[in-house]
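*Asks:* Mind folding the following:
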Amino acid sequence: MGIISSGKIWPYAISIAILTFFGAIVFSISWILKEAPVQKSDTYMMGYHHADLNANDIIQAEIDFNRKYKISYETEFLAQEGATLKYKVTDLEDNTLNNATMKIIITRPEHHRYKQELINPSIENGLYSFSGFTLEKPGRWDIMAHVQVGEVERFYNVKADTRSEESVEY
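*Replies:* Predicted coordinates:
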């Protein structure tokens, strides 16, 4: 009498089913991490844990900045070759400011393989220009700016597309 006819196969079948189930889970997780790696959020140019811990301070800093100053994204079109980004910083009476410090990070929304950090803009009449860089691919880009004037600061984030003149603050 064999294993099949004696009814003793069910422990083997259950063991094989459990191993197959866990093998499928391991395969799925490893494939997902390889094909679509998880990226940390950097909406505020920091990891999401740090941003979450300091959310109230970040919001208060933006409120304090907006009580004294205005920032606007002045780039007319985001070009893929020879790209230029322009921002205007003024006080509330529209007097231009030339003493703000600004750091820009431009990256693709789906991953950070093409991330570029821009510093040291040229400044003329409150217009801060970052120029002479190339974007690796056409399409949507997240542009994150950190602006500081004296003791106040804020983050100003824009989504722009090399195929369209529209840009949106987020």
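*Asks:* any idea of the mean pLDDT in stretch 45-57?
*Replies:* Average pLDDT, stretch 45-57: 85.
*Asks:* which intervals of the protein have sub-threshold pLDDT?
*Replies:* 1-7, 35-42, 170 (pLDDT under 70).
*Asks:* what about the helices in it?
*Replies:* 3-6, 10-35, 48-53, 55-68 (DSSP state H).
*Asks:* These into a markdown table, with extra columns for distance to residue 100?
*Replies:* (C-beta placed from N, C-alpha, C; glycine too.) Below are the helices of the chain laid out as a markdown table (distance: least, Cβ to Cβ, whole Å):
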| stretch | distance to residue 100 |
| --- | --- |
| helix 3-6 | 79 |
| helix 10-35 | 40 |
| helix 48-53 | 22 |
| helix 55-68 | 10 |
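*Asks:* all strands for this structure, in order.
*Replies:* 69-73, 83-91, 101-107, 116-118, 122-124, 127-133, 140-149, 152-161, 167-169 (DSSP state E).
*Asks:* Tell me which of the ones you listed sits nearest to residue 58.
*Replies:* strand 152-161 (7.1 Å; Cβ to Cβ).
*Asks:* Give me the distance from that closest one to the chain's centre.
*Replies:* Offset of strand 152-161 from its chain centre (Cα atoms, centre = their mean, to the nearest Å): 10 Å.
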